[in-house]
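Undergrad: This is a predicted model, with the sequence first.
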Amino acid sequence: MDIVSRIKERLGHLRQSEQAVAQLILADLQFAASASISDLADKANVSHASITRLAKALGCSNVRDMKLQLAQSLAVGERFINENTTQREDIPAIYKAIHDILDINAGLIKQADVEQAAQYIANSRHSLIFGVGGGSSVVAQECHNRLFRLDILSNAYSDPVMMRMTAASVDVSDVVVMLSLTGCARDLIDTARIAKEYGAKVIAICPQSELADLATIHLPIKTNESDYIFTPSTARYAMLAAVDVLASEVAILTQKKSREKLRRIKHELDQYRQGPDRAPIGD
């Protein structure tokens, strides 16, 4: 448990003097992480011993360790710690944030890179799609949904063990598509190395990062996180757009064989849904 959570959990069980210091820390984490023990004691109006006892009560080895952990919690960002009431963003603001992230990303992917990536996928024996975490794992499944209807043999995985196993099964005729909003996920970096060792082409849709550097082809995206923490990250729209760019190029390359598969899928869906002719393929 991180130190801010420990302070909140144990606040009611601390001595009065220790509570004073704990409340000071929660009220001004920036000050508490950088202040000397004397400054903390003076501002909380307690003794040095009270601060030392608080550090021990929080499971820290000493005051220095407590301050180090406070600094680490502070690195997460003040917007996640500040408990002031936040006003909701209105609906147009949410749509604007989505438009903004798409505008930021609109010119990042080079046509030559997406054409080469699509060529690898179109010619592949098997395309694996990897993504971990709440956003990337969902987009990995969506990427699979885009590709199978184009007659591309593909599978999406988010389980780290399955990713390693399937990465170890590839050969030179296979492609692995890596999806990440950070490019820092160790499971993706490790499986990218495994896949490359066995000869697969690695396509990374992610920001500039270690994962991007490992890729055979990097299709870049950028994130733009705001201070408003209560709306889901808009970055996933940038990733979805990049997947659509890639899938659209694959569709052009495979149109002779994919057109019939798309027709059959549309026919079966129309029979199933009994909906309008222009309904999306696969809602």
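TA: Nice, thanks for sending it over.

Undergrad: tell me the contacts of the residue of the chain most remote from its centre?
TA: In terms of distance from the mean C-alpha position of the chain, Ser47 ranks first, at 44.2 Å (Cα atoms, centre = their mean). Neighbour list for Ser47: 17, 41 [criterion: Cβ atoms under 8 Å, 6 or more residues apart in numbering]. For glycine as for every other residue, the C-beta is placed from the backbone atoms N, C-alpha and C.

Undergrad: try 10 Å this time
TA: Each residue near Ser47 by Cβ atoms under 10 Å, 6 or more residues apart in numbering is listed here: 17, 41, 53.

Undergrad: Phi, psi for it please.
TA: When read as degrees, to the nearest 10, the backbone of Ser47 gives phi -80, psi 160.

Undergrad: Let me see the ranges of the strands in the stretch 1-150 of the chain.
TA: 126-131 (DSSP state E, counting those that start in this stretch).

Undergrad: which residues of it score low on pLDDT?
TA: Scanning the stretch 1-150 of the chain for pLDDT under 70 picks out the ranges 77-86.

Undergrad: so who does the most centrally placed residue in the chain touch?
TA: By Cα atoms, centre = their mean, the chain has its centre lying nearest to Leu181, at 4.0 Å. Residues near Leu181 by Cβ under 10 Å, 6+ apart: 131, 133-136, 139, 205-207, 221, 223, 225, 233, 235-236, 238-239.

Undergrad: what's the distance between the residue farthest from the centre of the chain and Ser17?
TA: 7 Å (Cβ to Cβ, to the nearest Å).

Undergrad: Could you tell me which residues touch both of the two?
TA: Residues touching both Ser47 and Ser17 (Cβ under 10 Å, 6+ apart) are 41, 53.

Undergrad: Spit out the contact partners of Glu210.
TA: By Cβ under 10 Å, 6+ apart, the contact list for Glu210 reads 182-186, 188-189, 192, 204.

Undergrad: what do you get for Gly59?
TA: Contact partners of Gly59, counting by Cβ under 10 Å, 6+ apart, are 1, 3, 6, 10, 65-66, 69.

Undergrad: Now rank those by neighbours and give me the top one.
TA: When neighbours are taken as other Cβ atoms under 10 Å, the top entry among those is Met66 (27 neighbours).

Undergrad: hang on, His99 packs against Ala241?
TA: No: taking Cβ atoms under 10 Å as the definition, His99 is not a contact partner of Ala241, at 11.6 Å.

Undergrad: what about these two, which has more around it?
TA: Per other Cβ under 10 Å, whichever of His99 and Ala241 has more neighbours is Ala241, with 17 against 11.

Undergrad: buried stuff in the one helix or strand the more buried one maps to?
TA: Assigning secondary structure by DSSP states H and E places Ala241 in helix 235-253. Across helix 235-253, burial judged by 16 or more other Cβ atoms under 10 Å covers 235-243, 245-247, 249-251, 253.

Undergrad: What is the nearest of the residues you listed to Arg259?
TA: Using Cβ to Cβ, Ala251 comes nearest to Arg259 of these, at 9.1 Å.

Undergrad: wait, what's in contact with the closest one?
TA: Neighbouring residues of Ala251 by Cβ under 10 Å, 6+ apart: 118, 122, 146-147, 149-150, 152, 258-259, 262.

Undergrad: switch the cut-off to 6 Å
TA: For Ala251, the contact set (Cβ atoms under 6 Å, 6 or more residues apart in numbering) comprises 150, 258.

Undergrad: Same check on Asn62?
TA: Counting by Cβ under 6 Å, 6+ apart, Asn62 touches Ala55.

Undergrad: follow-up on the earlier one: could you pick out the buried ones from the contacts of Glu210?
TA: The buried subset of the contacts of Glu210 (16+ other Cβ under 10 Å) comprises 183, 185, 188-189, 192, 204.

Undergrad: Filter those residues down to just the ones in strands.
TA: Ala204 (DSSP state E).

Undergrad: Is it possible to get CSV of the buried ones among the contacts of Glu210 that adds pLDDT and distance to Tyr198?
TA: As requested, the buried ones among the contacts of Glu210 are exported to CSV (pLDDT from 0 to 100; distance: Cβ to Cβ, whole Å):
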residue, pLDDT, distance to Tyr198
Gly183, 97, 22
Ala185, 96, 20
Leu188, 98, 16
Ile189, 98, 16
Ala192, 98, 11
Ala204, 98, 17
